[in-house]
Every structure is written in structure tokens, then in C-alpha cells.
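Colleague: Sequence first, predicted coordinates after that:
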Amino acid sequence: MIPGLLVAAPSSGTGKTTVMLGLLRAFTEDGLRVQPFKSGPDYIDPAFHRAAAGRASFNLDSWAMGAGLLDTIAAQSAGADLVIAEGSMGLFDGVAYPGATGNGSSAETAVRMGWPVVLVLDVSGQAQSAAATALGFLRYRPDLRLAGVILNRVASPRHERLTRLGMEAVGIPVLGSLPRRGDLVLPERHLGLIQAVEHPDLERAIADYAAFLRANVDLAAIRAAADGLPPAMPRHLPPPPAQRIALAQDAAFSFTYPHILEGWRAGGAEILPFSPLADEAPAPEADLVWLPGGYPELHAGVLAAANRFRAGLLAHAETRPVHGECGGYMALGQGLIDKAGVRHRMAGLLGLETSYEKRKLHLGYRLARLHGPMPGFAQGAQLRGHEFHYSTILAEPDAPLAAVTDAEGAAVPETGSRRGHVTGTFFHLIAEAA
């Protein structure tokens, strides 16, 4: 058994990612092999985790993943000394109806893995009252263990003393107290944090987080609180959809779930990275071109001028499959209008037209039943995924790829597209539904 913890919070925006990165780096500096995980479908945080711990971080998602896949991903911690997982949103937040194994909440992940929870509380604007919040989280789900709390955004020594008094009154351990610091904030944009590769000085930022945690958190108590269940026998990761996969990888195309790539490699696939932003064409020997999600809207002018990339993509699509997810799907369309209202020509392999001039949030789990095949999956297959973007769909005229619903079974109009050897979806694939 490898001991572990899950870092969570009552809501988003409380500072749990700063705490997570600081803990990962601090324990790594102490010589521990620390395995990070992310609960839920977030695909930005794992890259930050990897930078902090030096090990790939994987998503654990009880709505989208069956028991076998969850156990297989958890087994990626083999060889580690300590597991630290980061929650999503609030600790108990999930969807209304269960999916593959649950409703997707971080609490479900913690209970399934046997990890106690370290609760990060933003105590600005309150003192003893913070204990009532912590007590509610302690009692809401009896099978969930609360290791203790880290007080965040503490204004003064007096503020800390009063807040600790409240925690002592209800018997909840205080594992740390973080003074308010405006300089320890990760930059954000419309999908949340910026990508790790875009951070101007990520290594220094993470080192600062670790030093901040060392000065204000009881690392020994946190490590002592770690616990977990014996690992189940791993079963499988998602198999590769082709033998040689040309994978777009740069600042415009970066969002592929780590367990997907791990499954491709474990299945013997050769991944051939290329950069559309550098005007690189996909490898001519590739069996499949895969364009993941990212931020094509921020680089639309560069992509429109990437003639070698476009020519290589068009040549490949004549005889072999091409697939795009979210941003990759948009790049396969006819055009993309940026936030300034300027239209940029895209690859033209599909008829999709999207716009960021008027933003519209598309967010949530997706269940898709394929009308036709897509790389790695036959017609009729059911796929689980997650959609998160702000584009407005102006036209999606090609044959629909799938019948798509949200987590509550309501039909979603963004069906994806298929034309010839080319397919695309707005959702990011997580797993095939059982």
C-alpha cells in the first residue's frame, strides 16, 4: 500500500492548486517519490503536477471511468513513496446522476482510494466561523476521512489565533496557516489556468510555493496522515487507435488525457509529435493524425498561414484517418473567428465554423453513441468524455459523428462531425463506456 492524501476545498478559487504544487515540490525536495493525481476531468492541472513532482499526473474520474480503468490508473503510483491527489471544484461537487462508477466528485475518489482529505479553507472575512464549514465537511459523508485543514489567506496573527480556536473547539486538526500573499497566484485565462508550457517562469513559481508551504505548514503531520487501500489488480488502459500516431503538440494543441497517451504507448503505438504552429506537417508514415484540444483561437493567424501543416494534413486525409478534439476539431473546420471578429481560414477538412467573438460556455460530461466509426472505435460504440470551451458554433454541416447527451441524459446539439476519413468532436475522450 502506498499512502496518499487528497487536497480538496469547499469550492474553486480557494488556493488548493497552490497548496498542491507546494506539497508536491516540498516532498520531492525531501527525497520522496511523489505520485500526483487529479480527480475529475480537468486537463490543465496534470501538466503543472508533472512539473512540480517530476512524475506524470493522471486523472481519476468516477463518472467517466469504469472500475478496471480506475484501478489501472491508480496502479501508475507503483514505485512511489507518497500519493497526493488534487480535487476539482468543491469536495462533494459532482453531477446529479452517476456514470460509470459514480458522480465524479472528489469525495468519491478519496473514499474509493482510501485517501484522507486535506481541506484547504479560504478564511478571509471570517475566523471561528470557518470551523462550522470544516465541521460540515467532516460530517457530510461519514465514510470520508478528514486529515485536517490548511487555513489560507490568513490576514494576521490574531486572525490565525481566532480561527484556530474555532477548529480546536470542534476537534479538527490545523495542518497549516498560510498568510495572505497576492504574489502566489497562478495566471489564468478563460479556461482557467494558463497552460504549464506558457508560464513565464514556472520552475521559480513552484519553488516559491514549496518554500511558502515549508514555512507555514506541518509537512511531517501531513505525511503522517497519509493512508490508502491496497491496490487492486490493474486491468487495462485504453488501447491505441493506430500503430503510428502523428500527434499535434504545441501551445495550440496540448490537451490529451495522460492515461490515453499512456495506454497508446503501453499498447505498442509509436507517437510521432509535430507542431502545427511551427508549420510542421504530420509524419508521412503515420497511420493516424490526432489533433488534441488546446487554444487554436489564440494562434489562429499562425495556423491560417501554416501551409506545410495544411498540405500535409490534406494529403494524409485522402487515404488515412484524421481526428480532432475540441480545439483540434475547430482547426479541421472551414474557419475560426477570433475574439476581435477576424475570420481565419482553417484546414477545411470539415465544414465546421466557430467563433470566439461572442463567447458561449460549453461545459460538462458527455456520453456519445457513434453513428459511424472514429479512430479506435466502431459504429455504435459509446464513449464518455468532457467538453469545456467558449466558442460559438456557427455551422456544423457535416454528417453527425454521434448522438451526444450530457450527464443527465439531455441531448447536446454539438454532435461532432464526419466526412470521409476525417472525424471531430467537441468533447475530449476519457474512456469507452462499459
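Modeller: Perfect, I can see it now. Numbers count the residues shown, from 1 in each chain.

Colleague: per-residue pLDDT, Leu202?
Modeller: At Leu202, the model reports a pLDDT of 87.

Colleague: mind checking how far it is from Phe212?
Modeller: From Leu202 over to Phe212 the distance is 15 Å, taken as C-beta to C-beta, to the nearest Å. C-beta here means a position set from N, CA and C on the backbone, and glycine is covered the same way.

Colleague: What values do phi and psi take at Phe255?
Modeller: Dihedral pair for Phe255: phi -100, psi 90, per degrees, to the nearest 10.

Colleague: secondary structure class for the residue of the chain most remote from its centre?
Modeller: No residue in the chain sits farther from the centre than Arg158, which is 37.7 Å out by C-alpha atoms, centre = their mean. Put simply, Arg158 is helix when judged by DSSP: H, G, I helix; E, B strand; the rest coil.

Colleague: before we move on, what SS does Ala431 have?
Modeller: strand.

Colleague: tally of neighbours for it?
Modeller: Neighbourhood size, Ala431 [other C-beta atoms under 10 Å]: 26.

Colleague: now do Arg320
Modeller: Residues near Arg320, counting by other C-beta under 10 Å: 17.

Colleague: Quick check: it touching Glu285?
Modeller: No: if you go by C-beta atoms under 8 Å, Arg320 and Glu285 don't touch, sitting 10.3 Å apart.

Colleague: which of the residues in stretch 266-279 are buried?
Modeller: 269-272, 274, 276-277, 279 (16 or more other C-beta atoms under 10 Å).

Colleague: Rebuild the residues you listed as a markdown table, extending it with pLDDT and secondary structure.
Modeller: Formatted as a markdown table, the entries for the buried residues of stretch 266-279 read as follows, by pLDDT from 0 to 100; DSSP: H, G, I helix; E, B strand; the rest coil:
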| residue | pLDDT | secondary structure |
| --- | --- | --- |
| Ala269 | 98 | coil |
| Glu270 | 98 | strand |
| Ile271 | 98 | strand |
| Leu272 | 98 | strand |
| Phe274 | 98 | strand |
| Pro276 | 98 | helix |
| Leu277 | 98 | helix |
| Asp279 | 98 | coil |
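
Colleague: which among the residues you listed gets closest to Ser124?
Modeller: The shortest approach to Ser124 among the buried residues of stretch 266-279 belongs to Leu277, at 40.0 Å (C-beta to C-beta).

Colleague: From Gln382, how far off is the closest residue to the closest one other than its chain neighbours?
Modeller: Excluding the flanking residues, the one nearest Leu277 by C-beta to C-beta, 6 or more residues apart in numbering is Asp250, at 4.5 Å. Distance of Asp250 to Gln382, computed by C-beta to C-beta: 31 Å.

Colleague: what does Val111 give?
Modeller: From Val111 to Gln382 the distance is 26 Å (C-beta to C-beta).

Colleague: about what we covered before: closest to Ala74 among the buried residues of stretch 266-279?
Modeller: Of the buried residues of stretch 266-279, the one sitting nearest to Ala74 (C-beta to C-beta) turns out to be Ala269, at 22.5 Å.

Colleague: The closest residue to that closest one other than its chain neighbours: what's it in contact with?
Modeller: Sequence neighbours aside, Pro240 is the residue nearest to Ala269 in space, at 3.5 Å (criterion: C-beta to C-beta, 6+ apart). The contact partners of Pro240, by C-beta atoms under 8 Å, 6 or more residues apart in numbering, come to 263-264, 267-269, 376.

Colleague: For Pro240, give its distance to Leu429.
Modeller: Counting by C-beta to C-beta - Pro240 and Leu429 are separated by 13 Å.

Colleague: Ok, Ala9 next?
Modeller: Here the criterion is C-beta to C-beta. By it, Ala9 lies 28 Å from Leu429.

Colleague: Comparing those two, which residue is more hemmed in?
Modeller: For the pair Ala9 and Leu429, the greater number of neighbours falls to Ala9 (28 against 25), based on other C-beta under 10 Å.

Colleague: thought the more buried one was touching Met20?
Modeller: No: look at Ala9 against Met20 with C-beta under 8 Å: they stay out of range, at 10.2 Å.

Colleague: so who does the residue nearest to Leu277 touch?
Modeller: Taking C-beta under 8 Å, 6+ apart as the test, what Asp250 contacts is 275-278, 294.

Colleague: Just send those back as JSON lines, with distance to Gln35 too.
Modeller: Putting the contacts of Asp250 into JSON lines (distance: C-beta to C-beta, whole Å) gives the following:
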{"residue": "Ser275", "distance to Gln35": "29"}
{"residue": "Pro276", "distance to Gln35": "32"}
{"residue": "Leu277", "distance to Gln35": "32"}
{"residue": "Ala278", "distance to Gln35": "33"}
{"residue": "Gly294", "distance to Gln35": "26"}
